[in-house]
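Participant: need coordinates for the below:
(chains A and B)
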Amino acid sequence: MAITTVPGTSREPGRPAPPRLTRGGRSSLGRKVRDNLTGHAFLIGAVLCFAIFSWYPMIRGIVMSFQRTRRGETTWVGWDNYLRIVDDPSFWTAWKNTLYFTVLALVLGYLVPFFVAIVLNEFRHAKGYLRILVYLPVMLPPASALFLFKYYAYDPSEAGLFNAVLKALHLPTSEWMQSPEMTMPAMVIASTWMNMGSAVLIYLAALQNIPGELYEAAELDGAGIWRRIVNVTVPQTRLILLLLAMLQIVATMQLFIEPLILANGAGAEDSATSVAYLIYQHGFFQNDLNGAAALGVIMLVVLAGFSAVYARLTSKQD
Amino acid sequence: MAQDSGTRTLISHAQLRRGRGKVLYWTLLTVVVVVFTLVFLGPLYWMVTGALKSGQEIAQTPPSLFPQDPQPQNYIDAWNNLDLAKLLFNTFYYAAGALLFQLVLDTAAAYSLSKLRPVFGNAILGLMLATLMIPAMVLIVPQYVTVIDLPILHVNLLDSPFAIWLPLVANAFNIFLLKRFFDSIPEELMSAAVMDGATPLRTLWSIILPMSRPILGVVSIFAVTAVWKDFLWPKLVMPSPETRTVSVGIYAFSGGTPMNVVIAASVIAAIPTVVIFLLFQRNIMSGLTTGSVKG
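Facilitator: Next up, the predicted model:
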């Protein structure tokens, strides 16, 4: 089944809305009220779930970050939670680690899928097989995949899968998760392996929408393969590239299960502590839900900052 | 996937069919197929066979490619010691409930927003879509606090499946996908039904839903795999050993269980999602791309 056969054209804002799904032409007040009530009756279940589990917690998180609950008594404490969180030395370590992971993941987890998609798009054979392979790890429960990495791939002895391969290739072996320098690259490799499938498939779909004439014209102008990628492929997929960059930054900033399973949380010399792990640590181990909420708000502000910069950069190019 | 060999890509067909291009193409294809098989299937092979090795064999250098003395006992131990039957049942139960709640409530909401369009519908849709911008980790603490003491009702949902089912209904992406699909169904089809006196529910049931099977399939698959893959939220809201999901259960046992048994359990935990993938890979792949590309 071709992707393009799935209908999904959104209505343009300027166009008048199609006629309402109501009986008769006369618009009496009673009918209007009843139609609206029916509409809201269909909405109410989902709206309640959003209200209780999404909208309300958003506000509650901000409120909580300025409160402190001790022995069942809640008081307003101003910026105390924020000060306490920022004072904690692991706060800066966690941000440093998280940003390092985000940057590494952008280099590896962002560029690699794009080039993989470009190569896969050129093949006329084995396409289905290669797609299934790339996406297979995405379907594994992350905990399962990470235990595989932890116990078999990143075994620091030469019995480990990666070290055995490195040794066979006469390359230096590594201590992986036991070495503070390798902790982050190792987590990025595991995370990329687990997640790159979706990005590859999204890029592949975008590549298939590029009109072939553009490549034709570029080739007639004497552009080589690399120039065609830079001058045709990249500009034509620019929107998707930018969108996925943003989504990936938001996703990698929430790095949690990789440090938890691969590094038992903090990792060698705190090299794995992430901001998300710190939220978990404060909230559910140090019994400091208010501090954890404050850290959550800080994370939200940082991500909003990223989005603002991103929006600025992307609108400038237009 | 479509047979799209008709469209021109980066390198022209003619170039790939000529002498040197042809050799290069087949060499590259072979290399990529081998490398991808090693990179993506290799670790899975290692996982399945590694769990069959004995403790000594897994520690030997260099590692053996095939288990010399296969120990199916590791899988049996994993099944029995971790009570995997119970863990798998729990996860299946949560996934099935999540699927049901999402299909009913999200479909109804998307239908209302797309076709019934009550007042404030657009504002509600906007508020729903805004939640896509909020990272899950930011909400985890206040969501947890909400679940242990629901506003107004003052009910504690810890260890209750509703703590997994209901928050998943608040999935703006589902509503967006469904609404956009419903938008593409011509209004004329429904006006006829309305003229005949069909209620909105009847119109949804007998006109919209039968036409929406592809998108409902996509939403269902993602609903089930999301529950299967989720870790932190079920870990927090299902604290008792009896209510754990399979990923959380394996993690909880990993400390005091031999490595190979943990891996054997991880293999068993991964089987359902891998089977779902192999059965529905076409729907999954088209679903992934409809959501993003045509937006």
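
Participant: residue closest to the middle of the chain?
Facilitator: No chain in the question, so chain A it is. Closest residue to the average C-alpha location of chain A: residue A:251 at 2.5 Å, with CA atoms, centre = their mean.

Participant: try chain B instead
Facilitator: Geometric middle of chain B (CA atoms, centre = their mean) lands on residue B:225, at 2.6 Å.

Participant: now for that residue: which residues touch it?
Facilitator: A:139, B:273, B:276-277 (CB atoms under 8 Å, 6 or more residues apart in numbering or on different chains). All C-beta spots, glycine's among them, are computed from the backbone N, C-alpha and C.

Participant: does it lie in a helix or a strand, and which?
Facilitator: For residue B:225, the element it lies in under DSSP states H and E is helix B:213-229.

Participant: ditto for residue A:69
Facilitator: Using DSSP H and E, residue A:69 maps to strand A:67-70.

Participant: and residue 228, how many neighbours?
Facilitator: No chain specified, so I'll use chain A. 20 (other CB atoms under 10 Å in any protein chain shown).

Participant: chain B was what I was after
Facilitator: What residue B:228 shows, counting by other CB under 10 Å, is a neighbour count of 24.

Participant: so what's the closest residue to it other than its chain neighbours up against?
Facilitator: Leaving aside its sequence neighbours, residue B:228 sits nearest to residue B:273 (CB to CB, 6 or more residues apart in numbering or on different chains; 5.1 Å). Counting by CB under 8 Å, 6+ apart, residue B:273 makes contact with A:139-141, B:225, B:228-229.

Participant: mind doing that once more with 10 Å?
Facilitator: By CB atoms under 10 Å, 6 or more residues apart in numbering or on different chains, residue B:273 lies in contact with A:136, A:138-141, A:144, B:95, B:221, B:224-225, B:228-229.

Participant: ok, now residue A:85?
Facilitator: Residues in contact with residue A:85 (CB under 10 Å, 6+ apart) are A:65, A:91, A:278-279, A:282, A:288, A:290-295, A:297-298.

Participant: from these, which are also near chain B?
Facilitator: Among those, proximity to chain B is found for A:65, A:279, A:282, A:288, A:290-295, A:297-298 (CB under 10 Å from any CB of the partner chain).

Participant: and residue A:144, how close does it get to chain B?
Facilitator: For residue A:144, the distance to chain B equals 4 Å [CB to the nearest CB, to the nearest Å].

Participant: what's the pLDDT at that residue?
Facilitator: Residue A:144 carries a pLDDT value of 94.

Participant: on contacts alone, who are the packing partners of the helix or strand encompassing it?
Facilitator: Secondary structure assignment for residue A:144, by DSSP H and E: helix A:142-147. Judged by 3 or more CB pairs under 10 Å, 6 or more residues apart in numbering or on different chains; DSSP states H and E, the packing partners of helix A:142-147 are helix A:127-139, helix A:180-208, helix A:257-262, helix B:42-50, helix B:213-229, helix B:246-254, helix B:259-293.

Participant: could you give me the buried positions within the next helix or strand after that helix?
Facilitator: Next along the chain after helix A:142-147, taking DSSP H and E as the criterion, comes helix A:161-168. Residues of helix A:161-168 classed as buried: A:161-165 (neighbour count, 16 or more other CB atoms under 10 Å in any protein chain shown).

Participant: same deal with stretch B:55-71?
Facilitator: Residues B:57-58, B:63, B:67, B:71 are the ones in stretch B:55-71 that count as buried (16+ other CB under 10 Å).

Participant: anything in it near chain A?
Facilitator: Yes: remark: stretch B:55-71 sits within contact range of chain A at B:57-65, by CB under 10 Å from any CB.

Participant: mind putting these into CSV with secondary structure and pLDDT?
Facilitator: Output for the residues of stretch B:55-71 next to chain A, formatted as CSV (DSSP: H, G, I helix; E, B strand; the rest coil; pLDDT from 0 to 100):
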residue, secondary structure, pLDDT
B:57, helix, 85
B:58, helix, 81
B:59, coil, 80
B:60, coil, 80
B:61, coil, 76
B:62, coil, 78
B:63, coil, 82
B:64, coil, 83
B:65, coil, 84
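
Participant: with respect to residue A:175, which of those residues is nearest?
Facilitator: If you rank those by distance to residue A:175 using CB to CB, residue B:61 comes first, at 15.1 Å.

Participant: list phi and psi for that closest one.
Facilitator: Backbone torsions of residue B:61, given as degrees, to the nearest 10, read phi -120, psi 140.

Participant: what does residue A:311 give?
Facilitator: phi -60, psi -40.

Participant: report the contact partners of it.
Facilitator: When contacts are counted by CB under 10 Å, 6+ apart, residue A:311 touches residue A:246.

Participant: now, the most widely separated pair of the contacts of residue B:273?
Facilitator: Longest distance between any two of those is 19.4 Å, between A:136 and B:95; criterion CB to CB.

Participant: for stretch A:295-309, list every residue counted as buried.
Facilitator: For stretch A:295-309, a neighbour-count test (16+ other CB under 10 Å) marks A:295-300, A:303 as buried.

Participant: please apply the same query to stretch A:225-244.
Facilitator: By neighbour count with 16+ other CB under 10 Å, stretch A:225-244 contains the buried residues A:225, A:228-229, A:232-233, A:236-237, A:240-241, A:243-244.

Participant: which intervals of the stretch 151-300 of chain A have sub-threshold pLDDT?
Facilitator: Applying pLDDT under 70 to the stretch 151-300 of chain A picks out no residues at all.

Participant: what about 90?
Facilitator: A:151-182, A:197-199, A:201-232, A:234-254, A:264-272, A:287 (pLDDT under 90).

Participant: point me to the residue of it nearest chain B.
Facilitator: Going by CB to the nearest CB, chain B is nearest to residue A:212 of the stretch 151-300 of chain A, at 2.7 Å.
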